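[1] heads up, no residue letters with this:
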């Protein structure tokens, strides 16, 4: 992550792929997934993990398909 809080497409792809896999596993309700992000990616603090999770949730299009950064541009 850059110092101003912006994530690169590659960083977001890594986080979103992890969240997709977590969702498919059924281990947690995705509204509670931020702590899983923090554990998997120690570079993320609590606030950043929540922001990434919200970005992931907002990345789904109306058909329910996650639009991975850099992949669907």
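    Perfect, I can see it now. As the structure is a prediction and not an experimental result, all values here were calculated from the model.

[2] tell me, how many residues neighbour residue 29?
    Residues lying near residue 29 (other CB atoms under 10 Å) number 8. Where you see a C-beta, it was placed from the backbone N, CA and C, and this is true even at glycine.

[3] and the closest residue to residue 30 other than its chain neighbours, what's its pLDDT?
    Residue nearest to residue 30 in three dimensions, not counting chain neighbours: residue 23, with 5.6 Å by CB to CB, 6 or more residues apart in numbering. Model confidence at residue 23, given as pLDDT, is 95.

[4] what's the distance between residue 53 and residue 24?
    Distance, residue 53 to residue 24, by CB to CB, to the nearest Å: 16 Å.

[5] more neighbours, the two?
    Shown here are residue 53 and residue 24; by other CB under 10 Å, residue 53 has more neighbours (22 against 8).

[6] any idea how far residue 30 is from the more buried one?
    The spacing between residue 53 and residue 30, counted by CB to CB, is 8 Å.
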